[in-house]
Every structure is written in structure tokens, then in C-alpha cells.
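Peer 1: the following comprises the amino acid sequence and a computationally predicted model.
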Amino acid sequence: MSGFDFSTSIAQTSLPNPILTASGCAANGKELSAFFPLDQIGAVVTKSVMSQPRSGRATPRMAETPSGMLNAIGLQGPGIDAFLKEDLAWLVEHGARTIVSIAGESVDEFAALARKVRGAHGVSAIEVNISCPNVENRGLVFACDRNSAREVIEAVKRSVGNTIPIIAKLSPDVTDIVSIAEEVVAAGADGLAMINTLLGMVINTETMRPHLANKTGGLSGPAIRPVAVRAIYQVHRALPQVPIVGMGGVLTGNDAFELVLAGACAISVGTATFHDPSAPIRIKQELESLLVARGFSRFSDAVGYAHRSDQ
Amino acid sequence: MSGFDFSTSIAQTSLPNPILTASGCAANGKELSAFFPLDQIGAVVTKSVMSQPRSGRATPRMAETPSGMLNAIGLQGPGIDAFLKEDLAWLVEHGARTIVSIAGESVDEFAALARKVRGAHGVSAIEVNISCPNVENRGLVFACDRNSAREVIEAVKRSVGNTIPIIAKLSPDVTDIVSIAEEVVAAGADGLAMINTLLGMVINTETMRPHLANKTGGLSGPAIRPVAVRAIYQVHRALPQVPIVGMGGVLTGNDAFELVLAGACAISVGTATFHDPSAPIRIKQELESLLVARGFSRFSDAVGYAHRSDQ
Amino acid sequence: MAHSASINPDVTQSECEVISKRKVGAYHHLTLAAPAIAEHAKPGNFLAISIGDMKSSMLLRRSFAIYQTVPRGPFGGTVEIIVAPHGPGSTWITQRAPHEKLDVVGPLGNAFKIPKDPVRALLVGGGYGSAPLFALAETLRQKNSRVEMAIGAATADRIFAPVEGKRSVHSLMIATEDGSSGAKGRVTDLFDNSLSAIDIVYACGPMGMLRALTEIGARAGVLVQCAVEESMACGVGLCMTCVLPVQDKDGVIKMLRSCIEGPIFDGSAVQWDAIGTIPPGTYGAHR
Amino acid sequence: MAHSASINPDVTQSECEVISKRKVGAYHHLTLAAPAIAEHAKPGNFLAISIGDMKSSMLLRRSFAIYQTVPRGPFGGTVEIIVAPHGPGSTWITQRAPHEKLDVVGPLGNAFKIPKDPVRALLVGGGYGSAPLFALAETLRQKNSRVEMAIGAATADRIFAPVEGKRSVHSLMIATEDGSSGAKGRVTDLFDNSLSAIDIVYACGPMGMLRALTEIGARAGVLVQCAVEESMACGVGLCMTCVLPVQDKDGVIKMLRSCIEGPIFDGSAVQWDAIGTIPPGTYGAHR
Ligand SMILES: Cc1cc2nc3c(=O)[nH]c(=O)nc-3n(C[C@H](O)[C@H](O)[C@H](O)COP(=O)(O)OP(=O)(O)OC[C@H]3O[C@@H](n4cnc5c(N)ncnc54)[C@H](O)[C@@H]3O)c2cc1C
Ligand SMILES: Cc1cc2nc3c(=O)[nH]c(=O)nc-3n(C[C@H](O)[C@H](O)[C@H](O)COP(=O)(O)OP(=O)(O)OC[C@H]3O[C@@H](n4cnc5c(N)ncnc54)[C@H](O)[C@@H]3O)c2cc1C
Ligand SMILES: Cc1cc2nc3c(=O)[nH]c(=O)nc-3n(C[C@H](O)[C@H](O)[C@H](O)COP(=O)(O)O)c2cc1C
Ligand SMILES: Cc1cc2nc3c(=O)[nH]c(=O)nc-3n(C[C@H](O)[C@H](O)[C@H](O)COP(=O)(O)O)c2cc1C
Ligand code: FES
Ligand code: FES
């Protein structure tokens, strides 16, 4: 496989290979490093971090579903200051390229988080998780509303300028994901991450109540892969120049290849890591073999290849 | 189990039990009657029928996905006249209660279809499949737009008055399904059917192109059940008086029970019938046993039971 | 559906025990205890097997042509199928051990049409497509027909031609693409693009083979009955996924379900060129 | 996570052959060839097993306490677990046959803390919760501690107390709710709500039992180490689903991961009443 060029780039950031972790599915890296060296994958995407420490939600926080799972963690985390000081520092020290995911409850919180990340050393990109409720707008999820989504990205862009690429993470729970994508790109997003989880619910038929303490949760895993492929395909078609970090149900190299063909230039592996903690590194190897077997000499040639014209 | 009251009603239509087929997953009944007598289930919901005969879309029309499938049939069917004359007549003759699903490409087509169904004998309700592209509005799916959805239901209501209940079938591919539900109920829908399939895509990694001839298709099966439960729960909470025909990934009586607890007063069994052609009758039995085991003496007491207050 | 064929009237759904499993070249030969199916199946019928248990992520049944049936016997009626491990579903089936049970629906689909009078028949199988042809050969021979068989595959291990089966045919020709068994080349090359002294052709195999045989049959004025293999979600006529464009007796092209209006079609009625499209003029074509 | 415990440094992921499976009352006793785990596991550690193959609809691993390990032997190191068939995942595991392989991650979690000096220890197991206590008993005995054990369950077939295991303890008390074995009642009734002549309690079982023991221990001024069982999506510290409210040494309540900061906690630090909530004052509680 020597000679195969597996590198990819998200705006000005280049990565040796396109396999990333998914935010919230790799904690902040340390735990995963027991299974493979983190510098072997493209980058670690950290758990979405907020301004303050967060306890997250009450348990039960998860339910297994057919080929997937629901989660409602509620962004448990140490807060940005402890994160930068301890977790990011650990990642940098261990040679992991790091994409920091930030989450806020207001436009100002996002802006403040971005400013702090900008000042930190060793950050490859910022992923802006706009699938959080906007407390200033009836708890409506930022990513489900064009205006809120735009305001967040504009504010983050103002905070970081062109120092670090900004990746806006989109929710599939919208009528028209392309219009949200266009809005956040116009607002300054350098790339898009998609898809976040779908809103779902499981009712426990013993207690006859919603199983999660939070009632609803986010659906992830192979079950949602067809939705991810569709969303990536639609957005890549509309915005072929915009880098897309694809995710949603990737369990094998073949699954990753599907998202790449649809238009993703990097792949985040999420729920699969719970099934198999070596999943990111295994998927990296499987994807490379597949691409070589299909005759690609460069990863980048495969990105969006399913869109090629018929002749 | 004698003494258990399994009956349910959708507006003025009452059914001996709440298990229905799902539109498009039981053809028009005849084929399924090889596996159980159709009069044993609540009703047969027929394949959405249009004004004219339809060839449907090119093949491949389906792909298996993790715990689900994609389909893009394109509403292949005989057209309303042949349907009423042959298929409906056959169902009536065989004692099957029938809910006729109609689909149109314009508001007028829906109205015309409804008029014809109103004139027919032996129809328990009309299910209005508004998950079709509106040719008069840039091919936007009716169910994804409040105005289009309302116009269709108003037109159908004008056509049938209060002679037959009208059930509006909703798409989950919207930012806010509750607002669409409120809109169609205000427009005259007597009940709601939910959920239709989610828009998805599979890319064939051999041909490196979308697998379906139509590129995108509808995702169904257990994979989507958490989305169905969530949507039914949200809508039942907002509109507790409105009958909901629940569907989406029901494979067992326990799954059906989940949808009932969320608020469905009838359950359509779709993709499961491909897995097991006896699924509707099996699920009916399993659901009845479960309800009895939980101490319910009437099915209707279980509808929406997950919403009960904590004390 | 208006004008639709009916489902096989003898269809049943049952849990069938795997009686035996044997490797035959690249294939697996499975014998299932399925008395109801064994009693009613006709040559050309198929069955549909579900994959895994209720917790399997693979929801759709896989279809297999019936190779042969033994209506009565120590296991009270058995059905045999020949399975090529291909993707995860068929591979799962080939991993079943004796005594395990499979959920089987069958017999499904229409059957090969058998002429009332003795004929000279050519039976052509591609790969595991030869499987349903041996029972057909037997039926034809009982009607005093003369049965020639030709089987083609990529390699010798993909030629399914069991000794028992060979007894039912008067002659057997084999072609492999790599020449590892019989003639080197395609099975259609065996008749030199012409059919002499043949009244009817029966064919089962890949679409390309069926299409080529239909053309050869048309040139020779010989009827070709083709067993097609379309991707099926249900196998029992419910879903409309398995359609292909077929001309009806009035010359109208319709999208017919291969699980219930087929899998056996008159080759000349199938619009081979148009598979994967809705050919212009198809009944109900929109726009 | 800031201030987080580290994953078990000896963790490995490997395909482990099932060496044997044996029914023990209501449970299944599985022996797995897992040399790396056998070498490093400490009493209280657990392992996580994936369910089915890549085509399974069940994505999440199931966790099982390690019953015992045999570091060297004919199979080069084995690990044993006791599985109660409950839902579809654990039932699938109990259906595995010898020679099949399981994908196992372990050893996971922290271990029971062993006092340096000899102590008088009471080990309390509820149902299959007794499984990890026998290896603990053995370790304690090697330190010249006195080990009493009490096991409770609903019925006799749910009392896991193998003869080999009993050898490691000085006394064994049994309680069943239906009285089918030992005393009738709960295991906690056995000490009459008081602990005499006990320095430390180790407990593994349902949350209710752990909570009751913690209260009894508090009254007696005796430390209770509890192995909790929270629903886990990953088992390795990645997902934050398995948390429960635990007070740290500074008195701050934090939502700690039971897979990596546990499963063994000091019972008096766990906020038993508040499980399933975020108790007021929890670090980072919002609103
Ligand atoms: C009428 C009929 C008769 C058949 N007879 C035989 C037989 O006797 N022996 C045999 O080995 N196979 C036979 N097949 C094909 C067999 O059903 C497929 O090999 C099998 O479905 C492949 O499934 P898989 O799970 O291995 O592959 P996957 O790739 O996992 O299948 C995914 C989906 O695609 C469909 N699919 C994939 N390949 C085919 C194919 N070639 N034809 C139809 N659907 C396909 C599957 O049914 C499934 O829904 C027959 C198919 C049909 C329709
Ligand atoms: C640290 C730890 C040690 C355990 N040790 C043992 C053991 O030695 N023997 C044994 O039989 N079981 C043990 N369990 C419980 C075992 O993991 C569950 O019985 C099993 O997960 C139930 O899964 P299921 O597939 O049968 O049930 P399902 O109902 O299908 O499970 C669905 C989901 O809920 C979770 N879940 C269900 N019940 C439990 C439970 N009681 N505890 C935690 N999660 C649950 C499952 O892990 C799965 O994610 C342990 C659990 C933990 C966390
Ligand atoms: C347990 C869990 C926690 C998650 N936490 C976050 C998060 O903090 N921020 C975020 O942007 N996405 C979060 N996600 C979403 C994932 O990053 C990913 O978008 C989604 O799970 C789809 O990918 P998958 O199917 O590979 O898991 C979380 C997902 C899971 C399962
Ligand atoms: C093959 C197929 C065809 C369908 N055709 C229709 C249709 O004609 N009209 C309609 O309203 N829904 C149609 N549906 C959607 C189903 O009625 C149902 O809403 C959906 O599949 C979710 O339920 P399930 O998961 O039980 O299948 C179809 C679904 C499938 C799988
Ligand atoms: S496979 Fe469903 S109709 Fe033929
Ligand atoms: S189970 Fe995932 S963090 Fe504990």
C-alpha cells in the first residue's frame, strides 16, 4: 500500500489520514489510548465542552435500540478551563491532533469558548456543536433554526478569525439540511460535520414510562447510516467545495467508504467505538485497503466520487 | 383472555382490534390473505393509490440496511378506478375492514381521489399520504410544508365531509412535527398516521454510486422505531384527543406496546411483514398477551399511558 | 393490484429443521424438513428464508430455488436447496448446522410450464441456476420428453451437476470460462448461437445469460422460459421491489413482480434491455 | 475528563475461545481462554463481551464480573464468568458452545481494596453478585484475614456458591426469599441489622442490597466496599452513560463513571438515594 496518499485536509488543516473520533464517543482521548496510539488516526475530536463544569443529566442515560442506541448524557464535562489545562495538554503531549468540540447555551457562550480555544496551543480545528438548546430562544436547538445557527457561527468566526478552521456540526432533525448548511457556510464555517444524532425515544415496557431520565435522547449507530449518507450527499452536491466531516453509523471501512463516496473528506467514528474500542484504527486500515483495491492512489480522489457524471 | 376489550376507534370508525397493515407493505391485501384471514386484524391499509395507473420507479428499488431497509417504489399501482373496482371490491368481499391510502401530486388530485373513495362502499377511513412531492411547488413534499399539508387536508375534507374519517399521514423529515400535526388537525384531519419513512440513501461500494435507481429512498424498519416513538409521544402530548395510527419498526407485540404507551390508538405493521408475513396476526396476539399481563382490561386504557403523571 | 397473479396457493410459513448440510464445490447443499413445501412444490418454485433471529440486523428474507423435494421419507418430506455463500445473508445460511431451524416460506412463485406432449427440451443453467433444472428434467422425462442440459459457470467448482441429477437428462454439456471443466467459454457458446432439434428452452441463471438465450431462441423460433433473479424484499408479492418490465399478451409493457408473476417469464416478453429503467410506453409511466 | 481515573492499565481486547460452558442452577458458568486477562485481573475487575457478529442488531457490549482466573493451565490462562440469562444479550452468551469465540475486553474497572494487615471481612453477594467474591476471599485469606460470606437470592437456584469457592471462606451463610435454601428472607437480615466482630464489608449485588449494607455498615462504623452495576454502553470510560453520584474526599458530589472510577466504590460515598437524579449541589449541576 506504499505510495497511497491517505492525507486529507479541512480548510488549512491537513491530516495524515481521514479517520477521526466522534465527539462524545472517545471521552477526551486518554481512555481510548489504551487500545491504540492516538497519533495513528487523523485526529481526536473531543467531547463537546462548555464554559462551566457540567454534571450532565440523570441516569438512565442510554438505551440500546435496533442497530443503534439512544443517549442523553447532557454534555457532562469539566468546563473549558480545566479541559484546556488538563485534557488538551495531555492530548498535545501524546502527539494527538485535536479537534475541540464546543457547545454553548447562548451565542455569547459559544463566542467565549471559541476565544479560549483560539488562545490554546495544539488545536487543529474547532467543531461547533450547534445541536444544543438555545436557552435564549425557547430552548430551540440552534442547528434547527437558520438564524440561530448563523448567529453562532458568525460569533465564533469573529472570535477566531482565520486562525483555526471552524467546523459547524449539523443536526439531521430538520426539514432542509442543505439550507442550514448554506447558512452556516455563508456565516463563516470552513467545514461541516454531519450528522449529529436523531431525536428519539424508547419506552420501557416494564415501567411503562420513557426509559431515559431525560425522556428523549439522540439516536446513533448503524441504524442512522442511510440518513447520514443522504444528508452528506445532498450537502456535498449543493456545496462541493466545502469540506465535510462525515459520521453516523460507521462500523466498518466499507461504511466509511460509503460516506466518502457521498462527499465526506473525513470520517468520525462514534458509537462503533463502544462496540469495538479499536474501531477507529481498524476502520482506518479497512478503508485504506478498500481504496487501494478500487484503484485509488489518493484518498482525496474518492471524496464525492458517487457524484461523478454517468460517462 | 376473555373479557379483554381489544377494540379501538379512529374518530367514528371502530375496529375490533388495533393492528393494521402499513400502506405499501401489504399490497392490496390479497397476497397477505394466504397467511392469515384479513378480517382477524383491525384493518387493511392499502397501498397509496393515485388517480392514474403508475409504473413506479426503475429498479433497484430497495436496499437492506442495518435493522431496516430503503425503498423507492414510486407508488406503483393500478390507479383509483381499477383499485376501487377490483382491489377494494375483493377486500370487501373477504370481510376485511379497509383504510384506503391516497396519494396525489397536487391538491386537486387529492381532492378528486377523496371524492371517488367517498363514493365507494366499504371504506373505514381514508389515509392521506402527504409524503409525496408536490409538483406545483418545486417538488417539495406536502408533509414537509405546513401550508401544503393544510391545503391537501382541507381539500380532502371538503370532498368527503364527515362521511369517512380522514387520517393525515405525517413525515418525520421535518424540524417540528408537532406544528405540522396541529396544522392538519386544524384543517380537518380526524386522525394522524405516523411515521412515514425517513429519507435515506445507500451507496453501493462496488459500483460506487447510489444503490437505488432513484438515488434516495425511504428508511423503514426497527432502525427507525425510536424516531417513531418520539414523534408519537410529542404529538400525543400536544394533541391528546387526536387518534394516532402509530407505525415505524414494529416487529413484536412489545414494540407495538411501546407505540401504544407513547399515544398510538392503532398500530400499522409495515416492514416486519416482509420479514414475517404472519407478523400482523402474531403481533396482535403478542400485544394482547402483554396488555393482559400488565393488568389492562381495555386496550384503550393503555393508549398514551407513558404520559401519566408521576403519582 | 389489479390484474395481479395470485400468490402460490400452497404457500406455508414454518420452522424447518436442517436435516443435513453438505459442501458441493463452491456451494452448500442443504436439506430441510419441510413436509408441506415438499408436497406441493413444482419445478421452478422457490422459497424464502429469514436470516438470524429476531435480533438480527438483516430483516429481509433470502430466496432460493428449490433443487429437489422428497415428499415422503424418514423426515416426513424434505426440500433441498443449493446455496452460494455470497453476502452476509447467504453466508449465514451456509453456516447452519444440522438440527438448527430455519424460518421458511414456500413454495413461492410460478413454475416452469410443462408442455402436454413430449418435446425436445434444452435446459440451460448458469452457476447455481442449474439447481431447479433437475426436477424439471425429471418431470419432462416422465412426459417422455427428450432433455438436454447445458451448464456454465466461471470455474469447475461452480458447476452444480450432481450424479443423481444427471440421471434425469439425456445429455449434459458443460462450459467453464476458465476451461477447468468441459468446454472453455460461455454456456451459450455451446450451441454455436443456434438451436437445432430443440422445441423449447428452459433457462435459469444470470440476467446476461437469460438475455442471450432469449435472442438465440428468437432467431430459432424457439420459446425460452427464463427464471429471473431480481432483488426481493418480501418474496410474497407485498412490496413491489422485485419488478421488471414485461410485455403482456396485449403488447403492453408492465412492471411485473418477479416473485409472484414470476420468477419464470417467457423470455421474449421480458424487456431485457430496459431492466433498471421504466421503458417508454410502460403502463402507468409518469411524465 | 479532568480528575478522571485511568482505564485499567492491563486492558486488552481479544478473541477468546469458549473452553467450557456449564449450567449452575439458574446461571451459566463460562470458561474463556484469555491469557492476558487471566494474568492481570484482580478481584472486582470485570470484562465486556460483544454480542453477535458485525451483523448483530445489538451493538453494545455486556459486562460480567470475573469469577476466577487460572493464569496458567492447559489452555494457557483462562477466565471464568457466571452469566444469568436475562435479556437477549446475556441469553445469546449463554447459548455459545465450546470452541466458539467471543470478543472480550478486559480486565476493566478498579479492584476491591485489600487491607495490608489481616482483617475480619464479611463478603456479601446478591444473586450472581457472589461470583467475584470468591477470588476476593482467596486473596484475603492469603493475607491471613478471616473471611465470612453471606449470599442471598430469590430462590435456591440463584445462589451461586460452588464447592471450590466455599473452601476459601471460613463461614458461609445463605438466605433465600422463598426459603428454598438457607434462612428465609433477605441476606441483610442475616446479621440482624448489626455487624459484630467485622472490620470490613465487601458487597456485590443489586443496588437495594448495597444501599442497605452501607447503612448497616455506617451504624456499625464499618467500611463497606460496594461493587455497583450500572447500565454501561462502552465499559471503557468513553461514553459517560454509567455514572452515579459519588462524594469525593473533599465532600463534593460528582457524577462518576462506574466502569472506570468503579465499579467498586466506598458505599458511604455513593449517594444511594440520589441515583437516577442529579442531587442538588452536584459539581456542575446546571440551573
Ligand atoms: C427467485 C430467486 C432464486 C434464487 N435462488 C438461489 C439459489 O438457488 N441459490 C443461491 O445461492 N442464491 C439464489 N438466489 C439469490 C440469493 O437469494 C442471493 O444470493 C442472496 O439473496 C444474496 O444474499 P446475501 O445476503 O448473501 O447478500 P447481500 O449482498 O447481503 O444481500 C443484500 C440484499 O440484496 C439481495 N441480493 C443480493 N444478491 C442477490 C441476488 N443475486 N439475487 C437476488 N437478490 C440479491 C438480498 O436478497 C438482500 O436483500 C435466488 C434469488 C432469487 C430472487
Ligand atoms: C460491572 C458489571 C458487572 C456485571 N456482572 C455480571 C455477572 O457477573 N453476571 C451477570 O449475569 N450479569 C452481570 N452484569 C449484568 C449484565 O451485564 C447484564 O445482565 C446484561 O447486560 C443484561 O443484558 P441483556 O442483554 O441480557 O439484557 P437487555 O435488557 O437486552 O440489555 C439491554 C441493555 O441494558 C443493559 N442492562 C440490562 N440489564 C442490566 C444490568 N442488570 N446491569 C447493567 N446493565 C444492564 C445491557 O448492558 C444492555 O446495554 C454486570 C453488569 C455490570 C455493569
Ligand atoms: C454517547 C454519545 C455522546 C455524544 N456526545 C456528543 C457531544 O458531546 N457532542 C457532539 O457534537 N456529538 C455528540 N454525540 C454525537 C456523535 O458525535 C455523532 O455525531 C453521532 O453519534 C453519530 O455518529 P455514530 O453513529 O458514529 O455514533 C454523541 C453520541 C453518543 C453516542
Ligand atoms: C416497500 C414500502 C412501500 C411503502 N409504500 C407506502 C405507500 O405507498 N404509502 C404510504 O403512505 N407509506 C408507504 N410506506 C411507508 C409505510 O407505510 C410505513 O409508514 C413505514 O414503512 C414505517 O413503518 P415500518 O417501519 O413498520 O415499515 C412504504 C414502506 C415500504 C417499506
Ligand atoms: S419481493 Fe415483494 S413484491 Fe416481489
Ligand atoms: S460505560 Fe461508557 S463511560 Fe462507563
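Peer 2: That came through fine. Ligands and ions are numbered 1, 2, ... in the order given.

Peer 1: what residues are up against residue 19?
Peer 2: Since you didn't name a chain, this refers to chain A. Residues in contact with residue A:19 (Cβ atoms under 8 Å, 6 or more residues apart in numbering or on different chains) are A:41-42, A:256, A:266-267, A:269, A:280-281, A:283-284, A:287. C-beta coordinates here come from the backbone N, C-alpha and C atoms, glycine included.

Peer 1: can you look at chain C instead?
Peer 2: Applying Cβ under 8 Å, 6+ apart, we find residue C:19 in contact with C:31-33, C:75, C:78, C:98.

Peer 1: and it, what element?
Peer 2: Assigned by DSSP states H and E, residue C:19 falls within strand C:12-24.

Peer 1: what strands line up against that strand, and which way round?
Peer 2: When sheet partners are counted by DSSP bridges, strand C:12-24 sits next to strand C:27-33 (antiparallel), strand C:101-108 (antiparallel).

Peer 1: now tabulate those in TSV and tack on mean pLDDT.
Peer 2: TSV is the format used below for these (pLDDT from 0 to 100):
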stretch	mean pLDDT
strand C:27-33	97
strand C:101-108	97
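
Peer 1: in TSV, list the ones you listed along with distance to ligand 1 and mean neighbour count.
Peer 2: Below are the strands paired with strand C:12-24 laid out as TSV (distance: least, Cβ to the nearest ligand atom, whole Å; neighbours: other Cβ atoms under 10 Å in any protein chain shown):
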stretch	distance to ligand 1	mean neighbour count
strand C:27-33	7	23
strand C:101-108	8	23
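
Peer 1: so which of those strands comes closest to residue A:244?
Peer 2: For residue A:244, the closest of these is strand C:101-108, at 41.0 Å, according to Cβ to Cβ.

Peer 1: confidence score at residue C:72?
Peer 2: Note for residue C:72: predicted pLDDT of 82.

Peer 1: quick check: residue C:190 touching residue C:172?
Peer 2: No. The pair residue C:190 / residue C:172 is not scored as a contact, 10.7 Å apart, by Cβ atoms under 8 Å.

Peer 1: going by proximity to ligand 6, name the top residue of the stretch 201-311 of chain A.
Peer 2: residue A:274 (6.8 Å; Cβ to the nearest ligand atom).

Peer 1: wait, what's in contact with that residue?
Peer 2: Shown in contact with residue A:274 (Cβ under 8 Å, 6+ apart): A:25, A:69, D:59-61, D:233-234, D:238-239.

Peer 1: which of those residues fall in strands?
Peer 2: Residues of these located in strands (DSSP state E): residue A:69.

Peer 1: what subset of the contacts of residue A:274 is also close to ligand 6?
Peer 2: D:233-234, D:238-239 (Cβ under 6 Å from any ligand atom).

Peer 1: one step back: dump the contacts of residue A:19 into JSON lines; add distance to residue D:218, secondary structure and neighbour count as well.
Peer 2: Output for the contacts of residue A:19, formatted as JSON lines (distance: Cβ to Cβ, whole Å; DSSP: H, G, I helix; E, B strand; the rest coil; neighbours: other Cβ atoms under 10 Å in any protein chain shown):
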{"residue": "A:41", "distance to residue D:218": "47", "secondary structure": "coil", "neighbour count": "24"}
{"residue": "A:42", "distance to residue D:218": "51", "secondary structure": "coil", "neighbour count": "28"}
{"residue": "A:256", "distance to residue D:218": "52", "secondary structure": "helix", "neighbour count": "29"}
{"residue": "A:266", "distance to residue D:218": "52", "secondary structure": "strand", "neighbour count": "31"}
{"residue": "A:267", "distance to residue D:218": "51", "secondary structure": "strand", "neighbour count": "29"}
{"residue": "A:269", "distance to residue D:218": "45", "secondary structure": "strand", "neighbour count": "27"}
{"residue": "A:280", "distance to residue D:218": "45", "secondary structure": "helix", "neighbour count": "30"}
{"residue": "A:281", "distance to residue D:218": "46", "secondary structure": "helix", "neighbour count": "19"}
{"residue": "A:283", "distance to residue D:218": "49", "secondary structure": "helix", "neighbour count": "25"}
{"residue": "A:284", "distance to residue D:218": "51", "secondary structure": "helix", "neighbour count": "23"}
{"residue": "A:287", "distance to residue D:218": "55", "secondary structure": "helix", "neighbour count": "26"}
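
Peer 1: farthest pair in those residues?
Peer 2: Among the contacts of residue A:19, A:266 and A:281 lie farthest apart (Cβ to Cβ), at 15.2 Å.

Peer 1: who does whichever residue of the stretch 51-200 of chain A sits closest to ligand 6 bridge with?
Peer 2: Relative to ligand 6, the nearest point of the stretch 51-200 of chain A is residue A:62 (8.5 Å; Cβ to the nearest ligand atom). With DSSP bridges as the criterion, residue A:62 is bridged to residue A:71.

Peer 1: show the buried residues in the contacts of residue A:274.
Peer 2: A:25, A:69, D:59-61, D:233-234, D:238-239 (16 or more other Cβ atoms under 10 Å in any protein chain shown).

Peer 1: closest one of those residues to chain C?
Peer 2: The nearest member of the buried ones among the contacts of residue A:274 to chain C, counting by Cβ to the nearest Cβ, is residue D:59 at 9.2 Å.

Peer 1: hmm, residue A:279 and that closest one touching each other?
Peer 2: No. Using Cβ under 8 Å, residue D:59 is not in contact with residue A:279, being 10.9 Å away.

Peer 1: next one: the residue of the stretch 101-250 of chain A found nearest chain C from residue B:65, what distance?
Peer 2: Of all residues in the stretch 101-250 of chain A, residue A:222 sits closest to chain C, at 7.2 Å by Cβ to the nearest Cβ. Between residue A:222 and residue B:65 the computed distance is 8 Å (Cβ to Cβ, to the nearest Å).

Peer 1: ok, now residue A:92?
Peer 2: 39 Å.

Peer 1: touching, residue A:224 and residue A:250? I think so.
Peer 2: No. If you go by Cβ under 8 Å, residue A:224 and residue A:250 don't touch, sitting 10.4 Å apart.

Peer 1: between those two, who's got more neighbours?
Peer 2: residue A:224 (34 against 30; other Cβ atoms under 10 Å in any protein chain shown).
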